[in-house]
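S.K.: Got a sequence here, can you build the structure:
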Amino acid sequence: MKASAFAYARATSVANALELLAVHGEKARVLSGGQSLIPAMNLRLVAPEVIVDIGGLAELRGIVIEGETLVIGALTRHADLLKSSDIVKCAPLLAAAVAHIAHPAIRNRGTIGGSLAQADPASELPACMLTLGASIVVRGPGGERRIAAEEFFRGIYETQLAPQDLLVAVELPVADSGSAHFFQEFARRHGDYAITGLAAQAVLEGDRFAALRLGYFAVGDRPVLAEAAGKLTGVTVTPALLAEASDALSDELDPHEDQQATPAMRRHLARILLTRCMASLLKRPDLQIGGVA
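M.R.: Numbering: from 1, shown residues only. Now for the predicted structure:
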């Protein structure tokens, strides 16, 4: 199957892209790397009348450190994130996550902005944005605004972007020198869609968490910042406390069922990831003995 007929417009600048979106509104879709949009069009899951291609806009590409903020242009490719020393230094969780995105051919074309705008609940990057406390920079008819990642994702393939909006950048706080991260996902094969995944970041004070953020993905209609993290912050984590936090995690997650897994399986995998995360961040292998059922 191939895409239905559509008109094509190549934007010459961000301003021109916004003009095209203002004219065509809901009839248009933005093309950046095309790794999500083109397959969806070929399957007739979406049928835009106009494609606005922003792939040539160099002003939307690049990684810059501005004080305590890491700014990533929307057209920065996954492969560029993977190679960037600034990402490794300032957002190591992101560097760990990008290595799990699909396969090299996809990473060479796919962009961070395209991934976030697509808002696939099984995607790694949206969960990382929640965990890292990112702001999504958007331009539209009313000018430029910033949307907290926690508010940006609204459901399966749904975001706060209006038809006339363009995602132009992502802003992340530079990781604290005392921070630690954990990333792991379950998938049938490396590069396949995640069945359940966890992107975590923490600040440690001795053997306790001063701060802990747990971003789960593929466990609902959007990435989830787990409230169960609160039970593990500021206290000594014991096997009993971890079991209590795991129960709370199971209660707050609302996984879907598909051909890959049942909701019960996804909850079970989420608990396993929490146990592995705690053992890794705290350097406490004893927390994994026996696991968490």
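S.K.: And the average pLDDT for stretch 241-250 is what?
M.R.: Mean per-residue pLDDT for stretch 241-250: 97.
S.K.: Now do it: everything it contacts.
M.R.: Stretch 241-250 is touched from outside by 226-229, 231-232, 235, 267, 270-271, 274-275, 278, 287, 292, with contacts defined as Cβ atoms under 8 Å, 6 or more residues apart in numbering. Quick note: C-beta positions are derived from backbone N, CA and C, even for glycine.
S.K.: Need phi/psi at the closest residue to residue 227 other than its chain neighbours.
M.R.: Leaving aside its sequence neighbours, residue 227 sits nearest to residue 252 (Cβ to Cβ, 6 or more residues apart in numbering; 5.8 Å). Main-chain torsions, residue 252, degrees, to the nearest 10: phi -90, psi -20.
S.K.: so residue 252 makes contact with residue 230?
M.R.: No. Contact criterion Cβ atoms under 8 Å: residue 252 and residue 230 do not qualify, at 10.9 Å.
S.K.: These two: which has the busier surroundings?
M.R.: residue 252 (15 against 12; other Cβ atoms under 10 Å).
S.K.: Just the buried residues of the contacts of stretch 241-250.
M.R.: Neighbour counting by 16 or more other Cβ atoms under 10 Å classes 226, 228-229, 231-232, 267, 270-271, 274-275, 278, 287, 292 among the contacts of stretch 241-250 as buried.
S.K.: what's the closest of these to residue 70?
M.R.: Checking the buried ones among the contacts of stretch 241-250 against residue 70 by Cβ to Cβ gives residue 229 as the nearest, at 22.5 Å.
S.K.: Just confirm the closest one contacts residue 210, I think it does.
M.R.: No. Residue 229 lies out of contact with residue 210 (Cβ under 8 Å); the separation is 12.0 Å.
S.K.: hang on, the earlier thing: okay, among the buried ones among the contacts of stretch 241-250, which ones form the most distant pair?
M.R.: Spatial extent of those (Cβ to Cβ) is set by the pair 267 and 287 at 18.9 Å.
S.K.: in the lowest-mean-pLDDT helix or strand in the chain, what counts as buried?
M.R.: Using mean pLDDT, DSSP states H and E, the weakest-scoring helix or strand in the chain turns out to be helix 37-42, at a mean of 87. Within helix 37-42, the residues scored as buried using 16+ other Cβ under 10 Å are 37, 40, 41.
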